[in-house]
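A.B. asks: I need the structure of the sequence given here:
(4 chains)
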There are 4 protein chains.
Amino acid sequence: MQIGIIGATGYVGAELVRLLLQHPKVKRLHLSSVSFEGKSLFEIYPNFYERCDSVLKSAEEVVDASDIIFTALPHGVAEKYADECIRKNKKLIDLSADFRFDEDEITFTKWYKESWKFPQTHKESVYGLPEMNRKKIAKARIIGNPGCYVTAATLALLPAIENGLIKLDPIIVDAKSGVTGTGRSASMKNHFSECGEAFAPYAVGAHRHQPEIEHNLTKAAEAPCSVIFTPHLVPMNRGIICTSYAQLNEAIYTSADVDTNTRIFRRLYQDFYMEDKFVRILPAGMVPTTKNVRYSNYCDISVHVVQDGKMLEVCSALDNMLKGAAGQAVQNMNIMCGFKEDCGISMIPPAF
Amino acid sequence: MQIGIIGATGYVGAELVRLLLQHPKVKRLHLSSVSFEGKSLFEIYPNFYERCDSVLKSAEEVVDASDIIFTALPHGVAEKYADECIRKNKKLIDLSADFRFDEDEITFTKWYKESWKFPQTHKESVYGLPEMNRKKIAKARIIGNPGCYVTAATLALLPAIENGLIKLDPIIVDAKSGVTGTGRSASMKNHFSECGEAFAPYAVGAHRHQPEIEHNLTKAAEAPCSVIFTPHLVPMNRGIICTSYAQLNEAIYTSADVDTNTRIFRRLYQDFYMEDKFVRILPAGMVPTTKNVRYSNYCDISVHVVQDGKMLEVCSALDNMLKGAAGQAVQNMNIMCGFKEDCGISMIPPAF
Amino acid sequence: MQIGIIGATGYVGAELVRLLLQHPKVKRLHLSSVSFEGKSLFEIYPNFYERCDSVLKSAEEVVDASDIIFTALPHGVAEKYADECIRKNKKLIDLSADFRFDEDEITFTKWYKESWKFPQTHKESVYGLPEMNRKKIAKARIIGNPGCYVTAATLALLPAIENGLIKLDPIIVDAKSGVTGTGRSASMKNHFSECGEAFAPYAVGAHRHQPEIEHNLTKAAEAPCSVIFTPHLVPMNRGIICTSYAQLNEAIYTSADVDTNTRIFRRLYQDFYMEDKFVRILPAGMVPTTKNVRYSNYCDISVHVVQDGKMLEVCSALDNMLKGAAGQAVQNMNIMCGFKEDCGISMIPPAF
Amino acid sequence: MQIGIIGATGYVGAELVRLLLQHPKVKRLHLSSVSFEGKSLFEIYPNFYERCDSVLKSAEEVVDASDIIFTALPHGVAEKYADECIRKNKKLIDLSADFRFDEDEITFTKWYKESWKFPQTHKESVYGLPEMNRKKIAKARIIGNPGCYVTAATLALLPAIENGLIKLDPIIVDAKSGVTGTGRSASMKNHFSECGEAFAPYAVGAHRHQPEIEHNLTKAAEAPCSVIFTPHLVPMNRGIICTSYAQLNEAIYTSADVDTNTRIFRRLYQDFYMEDKFVRILPAGMVPTTKNVRYSNYCDISVHVVQDGKMLEVCSALDNMLKGAAGQAVQNMNIMCGFKEDCGISMIPPAF
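C.D. replies: As a prediction, the model looks like this:
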C-alpha cells in the first residue's frame, strides 16, 4: 500500500505520519507540505530523526504516488483532491470539515463561509464515524473524518437517542480540550504563558462543532435536536472530555430508582457498543479521564442518572489527536481496506 | 487587632496567613496547628522565611490571644470554637462547611454525616457571601465562609434568579477547579502524575457543594431550585470556572433578538453588582479565564444568551484560594470590623 | 510622581504596570506601546479590567509627561530615550541589554550586533544590581537593569568571588527558566504543545547572558572569570533556578571538613547580604525552589560544599519577571528616589 | 514465553505491564503486588480496562509460573528472588538498585544502608546497560537494570571517556527529571500544588545515583572518576535531561578550533554508538528535548565544545520510564532471549 498525506506538517498530519510509519500494512508514505516542501520531515519534527527520511513533496506528486490519500488541511481545500481521487480511482480521507455535513451545504456554508466547488464529491462522501457508519465506510471512496469534540459528544449521546431515552431539546455539551486542538500555528491562544496554569471557555455559543454535533444527533433521532455546546481550553496537550446533559423522558425516569436506572442505561450503552472495540463503557464507580485514553484510540464513557432520576449525564473522554483525528482516520482506512479495524492503532494507553 | 488562625498549616490557613501578614490593620497573628504545634511556620512553608517567625501554638492559646478567629479546619470541628467565641465575646469566621446552611441541620447532616453539637451557634451565624449578606455580616459574630465552587456558581446565577429571568429546574453548573482545591494532604487525587496533563470529572451527582448552591439559590428565588452540579479537576494550581446553564422564561426570550437580550442581561448584571467591587461583569467579547483572576479576590462573570434565545449561559471565574476561600474570609473580616471592604485584598491579578 | 513606561504591552512592561499601579508613591502612569497605540491597556491585558483605564500613547507623550521613564523594549532602542532624558533632566531605567555592559561597547557589539549611537549615555549609566551598586544607583540618571539569569547567577557567586573562595576558571552556571522569559510574542518556543510537558536546553554555549555574567564576575574579582552558561526552558510560567559550580581554592577546602566548610560559607554569604533584604540565604537543609519566590522580589540562595570539599555549589532562585526584571527595576526606582527599598515590592510569595 | 512481574503496581511495574502486553513474543503475563493482591490490575490502573484482566497474585505464584521474572521493588528485596531464580533455572531482571554495583558491596552498603544477603547472586549478575555490556547481558541470568539518571549520564560520557577526551575530575552532571521519577506513592514531593509550576534541585551532593554514575565511568576509564551530580524536579510527567560538563584534555583542545572539534567529537560519538539503535547522536543545530524521546526507548545526545574549546558539554535526554527503566528492561530481555533488540519497544516518539 502506498499512502499519501497532504498537509503532513500540521499537528494532525504529523500524528498520521507517526501512526502510518508503524502500521504493518503500509509500504510507503508520501508526504506533502506547502510550508516546508523540499525539506526532510525530521527537520520540522525532530522526533522522527532516524525514523523517517521522507522529503516533503508537492501535493500533486503525493496524489499520483498513492492509493489512499489523507488530507489534513484547512477547510475548503480538500474538495479538489477528492474530485481528483474519484477521477483517478483513488480513495481519500479528509480530516477537515469539508465532508462532515453529508449533503447539507447550507449548514456548511453558514458556519464555514464557503460554498462547495465540487458538489458531486459530497454525494460520494461518507461521514467517517465507524460506530455510526461502519458499513458505508467500507464501501466509500471519500471519507469526511469527524471533528474531535464531535466524536466525543456523538458517541456519548448516540445510544440515549437511538433508544429514545432523552428529550432532544435542550442537549447541553460542556466540552474541554487540550491545547494540541489549536494546531501547530503559534498564537496567543496556545502561548504557554497565556493558556498554561489557566482555564477558560471560548467561542461560547459560536463554535463550528456545534452544528456538526446537531447534524449527527438529528440524523440519529430522525427529529430535530437542539444542542448547546461550550468548549473550554485545558492546560494539557492531549485529550477531550465532554460532559453532556439531557433530560430523561418522563416515561423513563419515573419507572425506577436512580441506581437501577443508571445500571440499566449503562448496560444499554454496553450493548449498543458491543461490536465497537474502541468504545469502553466504564463500570460503576469509574469516570473517564483523559489520562486513561491519552495516546490511544479509545473513547471512554460513563453513564449517570442524576437529579433524582430526571437528568441523564454522560461523560466521555478521548485523545483529540487519535480517536478525535488521526487515529480515527486510520480506523477508517482499515475499514475501507478490509484490515482488522484496530490494525496499527491498538495502543494501550500509558498510565502516566 | 489581634488575629488568630486555627488550622494555619492547611492550604486555606497558609493563604490566610499570607493575606493577614500584609493586612494594614492587623497587629499580630496567632497561629495554631495540630499537626505541627511547636514548630515555626516557615519550617512547613519556607515561602514565609524571614517574613513570619510565629511558632505554632495550641488552639486554646490562639483563641485567648485573639479578637477575631479564623477556623480553617475539617467540618465538624469549628462549632465548639464558635460557642467559645460567643461566650468570650470574640468573633469567628469559619472556612469549613459547618455554618454554610443557616439553620438547615437536616441538609447538613444528610451530606456531612454529622449532627450539630452547639445548635445555638447556628442561630447566630451568618452566611459570609458579602454580595448577598453584606449588612448581616457587618453585625455578625459567627460567619460561615462559603465554598469555593459555591461562590462562583451563586454569583453567576443570583442576578438571573432575583430578576426572574430563568426557570429554576434544571439549573446546570458544570464546574472546573485547580488542584489546590484538594488541599495539602498528599493523595492520588493530587499526585502530579495522576492529575497533571489530565482532565476528569469527579463526584458526579454527589458533591457536597451541590446542596449549598441549591440552598443559596432557593433562598434567593424563594422557591425550590434544582441544581445539577459536576466538578472537574484542572491541571493547574489555582482557579475555578463555573459554566452555568438555565432555560430562560418564555416571556423573556421571545421578546427580543439574542444580541439585544445578551446586552440587556449584561447590563442587568452590572447594575446588580454595582456596589460589589470584587465582581467584574465583563464587556461584550470577553469571557472569564482563571488567568485574569488568579492571585486576586475578583470574580469575573460573562453573560450569554444562546440557543436562539432560549438558554442563559453564565461563565464565572475566581481564585479558589482567595474569593473562593481566604480572600473572601478577609473580606468578611473587613466588613465586620468596618474597614474598607478591599483593605489588604485589593491585589491586581498578574497577567501571567 | 509621574511615571512613564515605554513598551508597556510586552510581558516586562505589563508587569511593571501591575507593580506601579499598586505603588504607594506613584501618582500617575503614562503608558506607551507601538503595537497598540490608541487602545486601552485592558483590551490587551484583561486582568487590568476596572483597574487601569489608561489609553496607550506615543513614546514622545510618555517621556514628556513623566519624571521617571522605564523602557521595556528590544535592545538598541533605549539609547535615544536615555539621551533625551539626560537633556530634559529626567531619569531612565532601561530593561533591555543596552546599558548592561558599562562602557564595554566591544562586548555589547559582539553579542548584540549593534554599535552605540549615543556613547555619552553609557558614561552616565549605572548597572542596576542594587546588591552590587546601591550607592551608585542612588545618584544615577540612567540605569541598565540586569538580565534575569544574570541576577540569579551574579548573586549566587558574588560572595564567593569577593571572598576569594573559588577558582575563576571554569565557573559553570546551569540555568533553568520559566516560559515567560520568552516574552509575549507567540512562537514555536513558547507554543504550549511544544514546550509543555517537556524540558530542554537551548542556545548551548551561545546565550547573550553569558558575557553579562562574566562581565559582572570579572569586575568583582578584578581578574578574568570564565563562565560556561547553559539555559534550559522549564514548563512553568515564572521562575529561574541557577545551579552554579566552581572549584574551591585548595587553601580553603583542605582546611576543614565538608560540613564545617558549608556552615562557614553559608555564614559568610549571610554576612555578605546582611543589608540586602531581597536576598535570603537559606538555612541548612533547605534548597531554593521557584515556588517560594514566585510573585515576589526575593532571590533565595543555598550554599553547598560538595565532592569531598573540592567544589562549591550554589543554588539560587528568583522570579524572572520580578527580581529578574520589573521588580528589580522598581527597586532601582525606589533607591533613586530615596524611598524605602522595598516600597511597593514587599509581597510575600504565596505558598502555591 | 511466560513472563512474571513482581511489583506490578508501582509506576515501573505498570509501565512494564503495558510494554509486555503488547510484546509480540510474550504469551502470558503473571503479575504480583503486595499492596493489591487479589484485585484486578484495571482496578488500580483503569487505563488497562478491557486490555488486561489479570488478577494480582503472590510473588511465589509468579515466580513459579514464569520463565523470566522482572522485579520492580524497593531495594533489598530482589536478592532472594534472584537466588531462587538461579536455583530454579529462571532468569531475573531487577529494576531496583540491588544489582547495579557489580561486586562492590561496600559502595552499595554505604549508600543504601544494607548489606547483601545472597552474595553469590551478585557474582552472576550483569549490569544491564546494553550499550556497555551487550554481550554479557546475552548470557546473563541476573540483570541489574540501571538507574534512570545513570543511563542518561553514562551514555552521555562513555564515548568521551573511552576515547580519552576528558579529564576525570571533576565531571559535573546537572540532571533534571519529570515527576514520575518519584514513584506512585503520594507525597509532598509529588503533590501537584507543591511541584507543579515550580522547579527546584533536591538531594544536592547526596543522591544515590551519583555513586552509580561514578562506578560506571570509573570502570570505563579504568581510572577513578569524580562526579558531582545534582538532580532537579521538572513539572512534567516523563523525561530526563542530563547536562554534563568535563574539561577537555589539553592535548585535544589546543589542536583545532571549536567548530572543528565539535564536528570531530560528534562523529566520534556517532561511530561509538553505530550499533546502538536506541542512541541517537543529533546533527549540528539540534539539542535533545524530552519531548522528542517521550514514550519511546530513545536516548538523544548532542555534543558541544564550549568555553573556547576547553570544555566538553554533552546534553542527553531519555524517557525515565522507558530507556530509564521499563523500556531498557525489555531491551535486556530481548537480548537475553535472542529476540531483535527493539522487539516490542520500537515506538516512534509522538511529536506532542
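
A.B. asks: C-alpha only now, for contacts and for neighbours.
C.D. replies: Will do.

A.B. asks: can you pull the contacts of the spatially closest residue to A:Met286 that is not a sequence neighbour?
C.D. replies: Nearest residue to A:Met286, sequence neighbours excluded (Cα to Cα, 6 or more residues apart in numbering or on different chains): A:Ser302, at 7.1 Å. Contacts here follow Cα atoms under 8 Å, 6 or more residues apart in numbering or on different chains; on that basis A:Ser302 touches A:266, A:281-283, A:286-288, A:314-316.

A.B. asks: PyMOL command for the buried members of those residues?
C.D. replies: Those of the contacts of A:Ser302 that count as buried under 16 or more other Cα atoms under 10 Å in any protein chain shown are selected in PyMOL with:
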select buried, chain A and resi 266+281+282+287+288+314+315+316
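
A.B. asks: quick one: the strands in the stretch 151-300 of chain A?
C.D. replies: A:166-177, A:200-201, A:227-233, A:240-248, A:279-281, A:299-306 (DSSP state E, counting those that start in this stretch).

A.B. asks: got the buried residues for the longest one?
C.D. replies: When you say that, I think you mean strand A:166-177. Neighbour-count burial for strand A:166-177 flags A:166-168, A:170-177 (criterion: 16+ other Cα under 10 Å).

A.B. asks: Generate a markdown table for those, with distance to C:Ile44 as supplementary columns.
C.D. replies: Putting the buried residues of strand A:166-177 into a markdown table (distance: Cα to Cα, whole Å) gives the following:
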| residue | distance to C:Ile44 |
| --- | --- |
| A:Ile166 | 43 |
| A:Lys167 | 42 |
| A:Leu168 | 40 |
| A:Pro170 | 35 |
| A:Ile171 | 35 |
| A:Ile172 | 32 |
| A:Val173 | 30 |
| A:Asp174 | 27 |
| A:Ala175 | 26 |
| A:Lys176 | 25 |
| A:Ser177 | 24 |
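
A.B. asks: Closest to chain C out of these?
C.D. replies: A:Ser177 (12.6 Å; Cα to the nearest Cα).

A.B. asks: got a pLDDT number for the closest residue in space to the closest one that isn't next to it in sequence?
C.D. replies: Once flanking residues are discounted, A:Ser177 sits nearest to A:Ile240: 4.4 Å by Cα to Cα, 6+ apart. With respect to pLDDT, A:Ile240 scores 98.

A.B. asks: Could you do A:Asp259 as well?
C.D. replies: The model reports A:Asp259 with a pLDDT of 84.

A.B. asks: count of neighbours near the residue of chain A found nearest chain C?
C.D. replies: Using Cα to the nearest Cα, A:Phe192 is the residue of chain A that sits closest to chain C, at 4.3 Å. By the measure other Cα atoms under 10 Å in any protein chain shown, the count of residues near A:Phe192 is 33.

A.B. asks: Mind putting the strands of the stretch 151-300 of chain A into JSON lines with distance to A:Ser40?
C.D. replies: Below are the strands of the stretch 151-300 of chain A laid out as JSON lines (distance: least, Cα to Cα, whole Å):
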{"stretch": "strand A:166-177", "distance to A:Ser40": "31"}
{"stretch": "strand A:200-201", "distance to A:Ser40": "37"}
{"stretch": "strand A:227-233", "distance to A:Ser40": "32"}
{"stretch": "strand A:240-248", "distance to A:Ser40": "31"}
{"stretch": "strand A:279-281", "distance to A:Ser40": "36"}
{"stretch": "strand A:299-306", "distance to A:Ser40": "34"}
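
A.B. asks: for the ones you listed, which one sits closest to B:Pro211?
C.D. replies: When the strands of the stretch 151-300 of chain A are compared by Cα to Cα, strand A:299-306 sits nearest B:Pro211, at 13.4 Å.
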